[in-house]
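In: Got a predicted structure plus its sequence, pasted below:
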Amino acid sequence: MTALSPTPTSWDRPHRAAERMARAWSLAIAGTSYVSMNGLEVQDFLTSLATRLIHALTAEVFDPADVREVGSTLVAAHFTEPTTLERSLAVLAEQFGNAPVKRVAQVQGALASGYALALRDRVLDEQEEIRTAALWARARAEEGRRVSEARFQAIFAGAAIGMSVSTVDGQVIEVNQALCDILGYTADELRSMSFEDFVLPEDPPGAGEMYEDLLAGRRDQFRIEKPYVHKNGDRVWTDLVASVIRDEHDRPRWLVAMFEDITDRYNLQLRLRHQALHDPLTQLPNRTLFFERLTALLDSAAQSAEGGDARVGVCYLDVDGFKVINDTLGHDIGDQLLQTVARRLARSISGEHQLVARMGGDEFVVLVEQCAGVDDVIAIAEKALDTVRAPVHVAGHEISISASIGVVEQPLRGASTGELMKAADTTLYWAKADGRNRLALFDAERHAREVTRYELSASMPAALERREFYVEYQPLVRLSDGVTIGVEALVRWRHPRFGILGPDSFIGMAEETGLIVPLGRWVLQEACRQAAAWRRDFGDRAPLMSVNLAVRQMRDRTIVRDVRTILEQTGLPPSALQLELTESAIMGSGGEPIEALKDLADLGPRIAIDDFGTGYSNFAYLRNLPVHSLKLAGSFVAGLRPPEGPDPVDQEIVAAVIGLAHTLNLSVTAEGVETAEQATRLLSLGCDTAQGWYYASAGPAAAIKL
């Protein structure tokens, strides 16, 4: 039989496709149910149903209601045998073989659901008729009672569903043949049993309470899905409806139970649920089942008074370099590799309190329940790493792979699914960033720092617009007489949550995100505006304004134009401005940064190398650049003030740098001067200017003494 497939012929002509499907369908279910239709009538009837199923399969949005109605229509037409449903589902699987698997499963599930619901309603109608007959028989006179009893006995014996009558204390009094067929026992064997013989661990919780409510009159009947054990040992699932017959004093006398065999439907539901909760490629539990299990674990701990010490562990695993394998060897090889990894993980790690699941792509996760501590989870993660490291042989290829794992272990009480998985994902990223082929353990403090860093990074653009940044100034003092000859502009962030932040807290992020360009432009403009104001007020006594330029600013094409525009707008003479650049921004590279440096120097500002000594420190290279000043890194200056006296190595380095700088006609500024001893020592070594807390910390423009 040719299966329906999404070709122009079958989808453009749905009626013809429905006719073909109906012919196959009618042949499949022929003889399974007794209906008052001949073969052509059955085929016409099924053609209309097939049309609806094809429409449901191809609809953009799946609507299960119409498919359920197809199932109920089958029952309404007296196609009521379980074999009819089984063969109908098989026809669907065959006819829709090339359609999306998920949609086929949805159609099958909805059809089975509608069929089962209609069949159940049909049974309920029969049950209601029986109950009505029983009540009517009780109300009649003695002669009528005998007639009714005979009628009831006939219905009882010939009913298509299983029935039993028991005493209220659980002793079976009477059963019909249908119940004997369902359970495989004879009537005498069943009559020798009591309720206790049918109690199973799989019984629904609360069944005992429902029975007590029934006897007490708090309910007229109860209905549950309950398993029984067939005489041959198989599980039989039934839809059980129980009600009580009371005497003239309203005392419970007899328990009447009706049983519908729903084993086929139950097993179908199990298969559909398995498909919904397992990964089709690896057959491991999927993310849906993982989150169900984790959520249930967390809910249980939250509701349990004894769950305060319980702990949970999560190992989030990602196969290193899997994309390269897919791109070079092909997705088929990649799929086989994932299947092998999944089998190995399931075999080496899965246990009663451990769940291995595939989250998607090349990511797997291990849920560790009832762990004794972080060492247990780390041991499992290390076992997973060893498992993945073993070479994999796929289609003639020997593939050596590794994995990165993020490990989280914490108390169950107070944990949440979202926070736990976010921590695991973050820790996996740490493991990959640290070099892969390793595990990383979640660190709450590191995570908090990274969250804070992310929040700062995300809020920087808006902070610049809200003018949360401001500039402070630190004096540059001439060592020979202590006169302030310049200031360095230092940006600060008045953050509404974290308070005042120095540049070390956000300049690196601004570099990474590119915001350093507009931020640096704003700082330069503010500093030049202040320098121009000082020049108007103090004339030649106005200090030199020194402003830092970041590496990314130097590589921005607009840097020269920005400096020129700001100087023109503020009216500041170029000679009153000093631009500080790090060695990495201009040394050891060519091209645009060097050209930009020369163009900046042509504008007239002084050029200073900041933190000299921490980068290339190449004097031969430096002599060819338009540089006017060097600023010694604070780490060298710090060596001049230990309690036991200046570090001789640092002192020699500082002396050598100062001497070479003067040879190149460069002035030298020392950063981080904190004591009079350092200032005296620097002066004796020939240093020109200094800045640091010994003179003044950075502050507002009004605090600068000129």
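Out: It's in. Keep in mind it's a predicted model, so treat the numbers as computed, not measured. Numbers count the residues shown, from 1 in each chain.
In: Tell me the buried residues in the one helix or strand residue 410 maps to?
Out: Element membership for residue 410, per DSSP states H and E: strand 403-411. By 16 or more other CB atoms under 10 Å, the buried positions in strand 403-411 come out as 403, 404, 405, 406, 407, 408, 409, 410. For the C-beta atoms, the positions are set from N, CA and C on the backbone; glycine is no exception.
In: Give me the mean pLDDT for that strand.
Out: Strand 403-411 shows a mean pLDDT of 93.
In: which secondary structure elements does the helix or strand immediately after that strand in the chain contact?
Out: Next helix or strand after strand 403-411 toward the C-terminus (DSSP H and E): helix 417-433. Where contact means 3 or more CB pairs under 8 Å, 6 or more residues apart in numbering; DSSP states H and E, helix 417-433 is packed against helix 287-303, strand 311-319, strand 403-411, strand 439-441, helix 444-465.
In: Show me which residues of the helix of greatest length in the chain are buried.
Out: The single longest helix within the chain, with elements called by DSSP state H, is helix 101-139. Within helix 101-139, the residues scored as buried using 16+ other CB under 10 Å are 104-116, 118-120, 122-123, 126-127, 130-131, 134, 137-138.
In: Likewise for stretch 158-176?
Out: Neighbour-count burial for stretch 158-176 [16+ other CB under 10 Å]: 159, 161, 162, 163, 164, 166, 168, 172, 174, 175, 176.
In: Could you confirm the fifth one falls within a strand?
Out: Yes: the secondary structure assignment for residue 164 places it in a strand, going by DSSP: H, G, I helix; E, B strand; the rest coil.
In: Surely it touches residue 171?
Out: No: counting by CB atoms under 8 Å, residue 164 does not reach residue 171; the two are 10.8 Å apart.
In: What separation do you get for residue 358 and residue 339?
Out: 10 Å (CB to CB, to the nearest Å).
In: swap that for residue 317, please
Out: With distances taken as CB to CB, residue 317 is found 15 Å from residue 339.
In: Give me the more crowded residue out of these two.
Out: residue 317 (28 against 17; other CB atoms under 10 Å).
In: in the sheet, who's paired with that one?
Out: Using DSSP bridges, the bridge partners assigned to residue 317 are residue 364, residue 405.
In: tell me the contacts of it?
Out: Contact analysis of residue 317 by CB atoms under 8 Å, 6 or more residues apart in numbering lists 345, 363, 364, 365, 366, 381, 384, 388, 403, 404, 405, 428.
In: Equivalent analysis for residue 330, please.
Out: With CB under 8 Å, 6+ apart, residue 330 has no contacts at all.
In: picking up where we left off before, from the buried residues of stretch 158-176, which is closest to residue 19?
Out: residue 161 (36.3 Å; CB to CB).
In: Okay, and residue 335 sits in which element?
Out: helix 331-349.
In: quick one: contacts of the helix or strand just after that helix?
Out: Downstream of helix 331-349, the next assigned helix or strand under DSSP H and E is strand 354-360. With contact meaning CB under 8 Å, 6+ apart, strand 354-360 is reached by 279, 281-282, 284-287, 289-290, 293, 316, 338, 342, 345-346, 349-350, 364-369, 380.
In: which of the residues in strand 354-360 are buried?
Out: For strand 354-360, by 16+ other CB under 10 Å, it's 354, 355, 356, 357, 358, 359.
In: In this protein, what helix or strand scores lowest on average pLDDT?
Out: Counting by mean pLDDT, DSSP states H and E, the chain has its least confident helix or strand at helix 8-12, which shows a mean of 41.
In: So which residues make contact with the following helix or strand past it?
Out: Using DSSP H and E, the next helix or strand after helix 8-12 towards the C-terminus is helix 14-29. Residues from elsewhere that reach helix 14-29 (CB under 8 Å, 6+ apart): 1-2, 4, 10-11, 39, 42-44, 46-51, 53-55, 79, 83-84, 87-88, 90-91, 94-95.
In: can you do 7 Å?
Out: By CB atoms under 7 Å, 6 or more residues apart in numbering, the surrounding residues in contact with helix 14-29 are 1, 4, 10, 39, 42-43, 46-47, 50-51, 54, 79, 84, 87-88, 90-91, 95.
In: cool, stretch 412-422 as well?
Out: Residues contacting stretch 412-422 (CB under 7 Å, 6+ apart): 291, 294-295, 297-298, 301, 307-308, 310-312, 314, 408.
In: Stretch 594-612 now?
Out: By CB under 7 Å, 6+ apart, the list of residues contacting stretch 594-612 reads 546, 548, 554, 559-560, 563-564, 574-575, 577-583, 586, 625-633, 657.
In: Kindly report the same for stretch 115-134.
Out: 68, 71-72, 74-76, 80, 85, 148, 151-152, 155, 161, 239, 241, 243, 245, 258, 260, 265.
In: related to what we said a few turns ago, now list the buried members of the contacts of helix 14-29.
Out: 4, 10, 42-43, 46-47, 50-51, 54, 79, 84, 87-88, 91, 95.
In: Can you tell me which of the residues you listed is nearest residue 701?
Out: For those, the nearest to residue 701 is residue 54 (79.0 Å; CB to CB).
In: if you average pLDDT over the helix or strand harbouring the closest one, what comes out?
Out: Element membership of residue 54 [criterion: DSSP H and E] is helix 39-58. Taken as a whole, helix 39-58 has an average pLDDT of 84.
In: packing partners for that helix?
Out: helix 14-29, helix 64-76, helix 101-139 (3 or more CB pairs under 7 Å, 6 or more residues apart in numbering; DSSP states H and E).
In: gap between the first one and the chain center?
Out: What that stands for is helix 14-29. 44 Å (CA atoms, centre = their mean, to the nearest Å).
In: how about it: buried residues?
Out: Neighbour-count burial for helix 14-29 [16+ other CB under 10 Å]: 17, 18, 19, 20, 21, 22, 24, 25, 26, 28, 29.
In: In CSV, list these along with pLDDT.
Out: Output for the buried residues of helix 14-29, formatted as CSV (pLDDT from 0 to 100):
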residue, pLDDT
17, 83
18, 83
19, 85
20, 86
21, 86
22, 83
24, 86
25, 87
26, 84
28, 81
29, 84
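In: where in the stretch 151-300 of the chain is pLDDT low?
Out: 151-154 (pLDDT under 70).
In: switch the cut-off to 80
Out: Confidence mapping of the stretch 151-300 of the chain against pLDDT under 80 gives the ranges 151-160, 248.
In: quick revisit: quick one: which of the buried residues of helix 14-29 is nearest residue 328?
Out: Using CB to CB, those come closest to residue 328 at residue 17, 41.9 Å.
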